[in-house]
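K.L.:
no sequence on this one, just coordinates:
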């Protein structure tokens, strides 16, 4: 690939915005990568800000998901325990075991997220 302005010179990279070939003389440094002009650098800066905001939103949503699943475990476990304690049937012992297991797993998951994952110990 050759430079878009200097057809005889081999390109060393591409503009992040318009994807044209750039030689060493045409490269304009941006915050991340190379661009061909000040106008493309401004567009790249806007793009970087937008992508940073979107990444922050995605991270916040993924952190919320870490609490939804264990909450479901705790609720389902509590329902199993409630069912087995209120309506004692021959299968109550299995419901107690399953309910306790789910509730303990949910609490352990929350403990892991709050005390281990948030502090970067993994």
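P.N.:
Noted; the coordinates are in hand. The model shown is predicted, which means the values in this text are computed figures rather than measured ones.
K.L.:
low-scoring pLDDT stretches of this structure, where are they?
P.N.:
57-63, 90, 117-122 (pLDDT under 70).
K.L.:
rerun at 50
P.N.:
122 (pLDDT under 50).
K.L.:
any chance you could map the helices in it?
P.N.:
When assigned using DSSP state H, the helices of the chain occupy the ranges 38-86, 92-111.
K.L.:
mind listing what residue 81 touches?
P.N.:
Going by Cβ atoms under 8 Å, 6 or more residues apart in numbering, residue 81 touches 95-96, 99-100, 103. All C-beta spots, glycine's among them, are computed from the backbone N, C-alpha and C.
K.L.:
Kindly report the same for residue 3.
P.N.:
Listed by Cβ under 8 Å, 6+ apart, the contact partners of residue 3 are 9-11, 21-23, 25-26.
K.L.:
returning to what we had before: in JSON lines: the helices of the chain, plus distance to residue 17.
P.N.:
Supplementary listing: the helices of the chain in JSON lines, determined by distance: least, Cβ to Cβ, whole Å:
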{"stretch": "helix 38-86", "distance to residue 17": "4"}
{"stretch": "helix 92-111", "distance to residue 17": "43"}
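K.L.:
Of those, flag the one that's most buried.
P.N.:
Highest mean neighbour count of those: helix 92-111, a mean of 16 (counted as mean count of other Cβ atoms under 10 Å).
K.L.:
ok, residues contacting that helix?
P.N.:
Residues external to helix 92-111 that are found in contact with it (Cβ under 8 Å, 6+ apart): 66-67, 69-85.
K.L.:
Repeat the analysis, applying 6 Å as the threshold.
P.N.:
When contacts are defined by Cβ atoms under 6 Å, 6 or more residues apart in numbering, helix 92-111 is touched by residues 70, 73-74, 76-77, 80-81, 83-84.
K.L.:
do stretch 26-39 as well
P.N.:
If you take Cβ under 6 Å, 6+ apart as the criterion, stretch 26-39 is touched by 3, 5, 13, 15-17, 20, 22, 41, 44, 48.
K.L.:
As JSON lines, these with distance to residue 35 would be great.
P.N.:
Formatted as JSON lines, the entries for the contacts of stretch 26-39 read as follows, by distance: Cβ to Cβ, whole Å:
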{"residue": "3", "distance to residue 35": "14"}
{"residue": "5", "distance to residue 35": "13"}
{"residue": "13", "distance to residue 35": "10"}
{"residue": "15", "distance to residue 35": "5"}
{"residue": "16", "distance to residue 35": "6"}
{"residue": "17", "distance to residue 35": "6"}
{"residue": "20", "distance to residue 35": "10"}
{"residue": "22", "distance to residue 35": "8"}
{"residue": "41", "distance to residue 35": "5"}
{"residue": "44", "distance to residue 35": "5"}
{"residue": "48", "distance to residue 35": "11"}
